[in-house]
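Colleague: turn this into a structure:
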Amino acid sequence: MAVSEKDFKLEEKRLEEVLKLVDDKLAKMGSNIFENEEKYKDFRRYTWENIRVMDDQELIQANVESELEANKIMMKQDYFKKLYRIKDNPYFASIVFEDEDKERYSVYLGLTYLKDEDYGNIIYDWRSPICSLFYDFEVGKAAYAAPEGPVKGTLLRKRQYKISDRKLISAFDNSMNIDDELLQEVLANDSNEKMKNIVNTIQQEQNNVIRNIRDKTLIVSGIAGSGKTSVALHRIAFLLYKIKNLTSNDILIFSPNQIFTEYISNVLPELGEDNTLQTTFNEYLSSNITGFENVEPFMDFIGKYYSEKVDNIELIKYKQSDEIINDINLYIEDFIRKARMTNDFVENKIYKVSKDEINDLLHNRYNTLPFFERVDVIAEKLSEANYKGSSKKKATYRKKIMENSLFSQDYKDIYLGFFASDFCKIRMTDKEIKDFEKVKVIGYEDALLFVYMKGLLEGFPYERNIKQVVIDEAQDYSYLQYLIISKIFKNSNFTILGDVNQTINPYYKYESLEVIADLFVQSKCINLTKTYRSSPEIIDFTNKILGLNHVCAIRKTKNVPLIHRCDDKLLKDDITYLKNKYKSVAVITRDNKTALKIYEILKEELPISLLTSQTEEFNKDLVVLPAYLAKGLEFDSVIVYSGKASKYMKNEKNLLYVACTRAQHELIVYST
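Modeller: I've put the predicted structure just below:
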């Protein structure tokens, strides 16, 4: 509900005052930062010029003072950047809260805080405890968790603002967020090239995920368009604000591909935070596999199936299954049990090493260590025993042990040995084994098993510096991948987000993400059940694809019809029709071959881009891409195209669901 003319005038006046305070603060800080930098340079210069006459204690003290001063300057510069970012749009909402002692607070929410010596808090950072009232409660009884304990009271007012170029455009009061005017306005807008922040429209169920610091692992299942990725990024921003000494370099995001990484790259900087470390699981595999030039990307692995370039589907299903994990465990246990040093040897013609002694150390003394780590420890101990505590001969002893043993550390042989063993349920053919021995790029499904075997035998690398791990599109990671991740980041906190209905892996599917909860410490599973992306008509259609009925559509539309096509000769006309209405149009196909075909036909007539698994940056105005690359993206309008040679099969409903749920405003579906 729009505010009265009187209130609007008061809000305009307040905005003018706040803008002046921000301008004054920026001017003062800019001058102060410059002066401090000059003083810091002078101090460093003085220290350098006098370093020879300083004793050790004075030098240590000078370095400590220098580091403290540098940190102060960096903190001021960081806040200056955040304040500069909001100088034209300082806040987006306000609340009036009265606590049980009848003390009243007027709180304005912005992307960062602003304090004044005379007036106190002018703007509150949206992540501060009291601001949770705006996201979690309707007008009425309310409470928030302050550092000293819960604060109860009454939320008297919730107000939202639209400010553009330092001018107040509108102000309106809401009792709830879910159907408010601003949310509907945001949802009605065209999509952007990159994902935007949602601080002014965060909903209660989303806020419960963003502000959760009680649980070490959050597993979030959210339907298509529920804002999972946005929630993950805003959660990162909240954790950086809330947890002392946590920095962006302590957080790692596992992204599905480079397209997605580029798409989300603006959100954290908009929120005033640096982008975190990001990787794909493929990059991890590549860094831990030897003997191959590269690892097949996950999207190429998926693409082969939809391009019908797979020979032995049953073998790949077995390699991707949970069943094979136990089979490999038994195989490696047997490998270790049979591992023996077979001959005594003499090192440097002096020091005799007994095979019985080594075997006892391997299988008894050091049996709690990964197998090849045991070999390393034994070699080091032998060197220290014979060379006065020095480990200089460790490599020599290790080589001698390996030369006089039944086992080797050739992981290719060990891996292929599994498929020739009685522990394997579906064996590789002779041709497949020969092909594997010659291949330079290891297949994705093989790479997972290869890395797991290697980890069992020599230990998984431990990433001690990563404190928070975020995994998006969680349904595309197998149980084995989570097992590996849990071992690498064993002391990290996790935020895992996905939707089993959007599974694109034809070989692997979860019934529920809750099955991975047992791998992580103190897990909590949360569901996001409302979708903000698509129109009710699109949601109704996509529900029918998978037989869903639990999706709640928030977007209000003017009953835009869902169009079905059977004649593919209309494709160019449909693209032109949508381009005249919307900023972004995507033609989404079943497979890459069809996407390439459409691109080749249209590229001379239309400014169309082709997205492939190698694409890193792209323009959303008009693109064609296969459905398995569309995950996590959204477009104003979508044409889901399938011709006679590229029909969706009955077992590919999830892929069709992914394609259709990329549309925000309008959807055209081609089907034979």
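Colleague: ranges for the strands of the stretch 301-450 of the chain?
Modeller: 345-347, 351-353, 441-442 (DSSP state E, counting those that start in this stretch).
Colleague: low-confidence bits of the stretch 401-550 of the chain, can you list those?
Modeller: For the stretch 401-550 of the chain, the stretches with pLDDT under 70 are 550.
Colleague: quick one: the helices in it, in order.
Modeller: Applying DSSP state H, counting those that start in this stretch to the stretch 401-550 of the chain gives helices spanning 411-419, 430-438, 444-458, 479-488, 536-546.
Colleague: residue closest to the middle of this structure?
Modeller: residue 253 (3.6 Å; Cα atoms, centre = their mean).
Colleague: list the beta-bridge partners for it.
Modeller: The partner list for residue 253 in beta bridges (DSSP bridges) reads residue 278, residue 470.
Colleague: please identify the helix or strand for residue 152.
Modeller: Here residue 152 sits within strand 149-164, counting by DSSP states H and E.
Colleague: cool, residue 17 as well?
Modeller: helix 5-49.
Colleague: quick one on the thing from earlier: deepest-packed of the strands of the stretch 301-450 of the chain, please.
Modeller: Neighbour counts averaged per stretch over the strands of the stretch 301-450 of the chain are highest for strand 441-442, at a mean of 18; criterion: mean count of other Cβ atoms under 10 Å. Yep, even glycine has a C-beta here, placed from its N, CA and C like the rest.
Colleague: give me the neighbour count for residue 173.
Modeller: Residues near residue 173, counting by other Cβ atoms under 10 Å, number 16.
Colleague: need the contact list for it.
Modeller: By Cβ atoms under 8 Å, 6 or more residues apart in numbering, residue 173 lies in contact with 1, 3, 157-160.
Colleague: please repeat the previous calculation with a cut-off of 10 Å.
Modeller: 1-4, 7, 94, 139, 157-160, 180 (Cβ atoms under 10 Å, 6 or more residues apart in numbering).
Colleague: residue 579: how many residues sit nearby?
Modeller: Neighbour count for residue 579, taken as other Cβ under 10 Å: 17.
Colleague: now it: closest residue in space that isn't a chain neighbour?
Modeller: Counting by Cβ to Cβ, 6 or more residues apart in numbering, residue 579 lies nearest to residue 585, which is 5.6 Å off, once chain neighbours are set aside.
Colleague: how about residue 332?
Modeller: residue 456 (4.8 Å).
Colleague: out of the strands of the stretch 301-450 of the chain, nearest to residue 613?
Modeller: strand 441-442 (13.3 Å; Cβ to Cβ).
Colleague: output the helices of the stretch 401-550 of the chain as CSV; include the columns mean neighbour count.
Modeller: Below are these laid out as CSV (neighbours: other Cβ atoms under 10 Å):
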stretch, mean neighbour count
helix 411-419, 17
helix 430-438, 11
helix 444-458, 21
helix 479-488, 19
helix 536-546, 18
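Colleague: C-terminal to the helix-or-strand element of the chain with minimal mean pLDDT, what's the next element?
Modeller: None of the helices or strands of the chain scores lower by mean pLDDT, DSSP states H and E than helix 181-188, at a mean of 52. Per DSSP H and E, the first helix or strand lying C-terminal to helix 181-188 is helix 204-210.
Colleague: tell me the mean pLDDT over that next one?
Modeller: Mean pLDDT, helix 204-210: 94.
Colleague: list the contacts of it.
Modeller: 126-127, 131-132, 134-138, 176-178, 198-199, 202, 218, 220, 222, 226-228, 230-239, 495, 497, 524, 526-530, 532.
Colleague: hmm, try it at 7 Å
Modeller: For helix 204-210, the external contacting residues (Cβ atoms under 7 Å, 6 or more residues apart in numbering) are 132, 135-136, 177, 202, 218, 220, 227, 231, 234-235, 238, 526, 528, 530.
Colleague: got the CA coordinates for the helix or strand following that helix in PDB?
Modeller: Moving toward the C-terminus from helix 204-210, the next helix or strand (DSSP H and E) is strand 217-222. C-alpha atoms of strand 217-222 as PDB (Å, rounded to 0.1, in the frame of the first residue of the first chain):
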ATOM      1  CA  THR A 217      25.900 -28.800   7.100                       C
ATOM      2  CA  LEU A 218      22.800 -27.500   5.400                       C
ATOM      3  CA  ILE A 219      21.300 -29.600   2.600                       C
ATOM      4  CA  VAL A 220      18.800 -27.400   0.700                       C
ATOM      5  CA  SER A 221      16.300 -29.000  -1.700                       C
ATOM      6  CA  GLY A 222      14.600 -26.300  -3.700                       C
END
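Colleague: partners of strand 217-222, with directions?
Modeller: Going by DSSP bridges, the partners of strand 217-222 are strand 493-498 (parallel), strand 523-528 (parallel).
Colleague: export these to CSV and tack on distance to residue 364?
Modeller: Output for these, formatted as CSV (distance: least, Cβ to Cβ, whole Å):
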stretch, distance to residue 364
strand 493-498, 36
strand 523-528, 36
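Colleague: and residue 590, which of the ones you listed is closest to it?
Modeller: Nearest of the strands paired with strand 217-222 (Cβ to Cβ): strand 493-498, 21.9 Å.
Colleague: give me the angle between that closest one and helix 479-488.
Modeller: Comparing the axes of strand 493-498 and helix 479-488 via axes from the mean of the first three to the mean of the last three Cα atoms, to 10 degrees yields an angle of 160 degrees.
Colleague: ok, residues contacting strand 493-498?
Modeller: Here strand 493-498 has contacts from 216-222, 228, 232, 235, 467-475, 513, 520, using Cβ under 7 Å, 6+ apart.
Colleague: same check on stretch 270-284?
Modeller: With Cβ under 7 Å, 6+ apart, stretch 270-284 has contacts from 82, 85, 111-112, 196-197, 236-237, 240, 248-249, 251-255, 257, 261, 265, 268-269, 295, 297-298, 477, 481.
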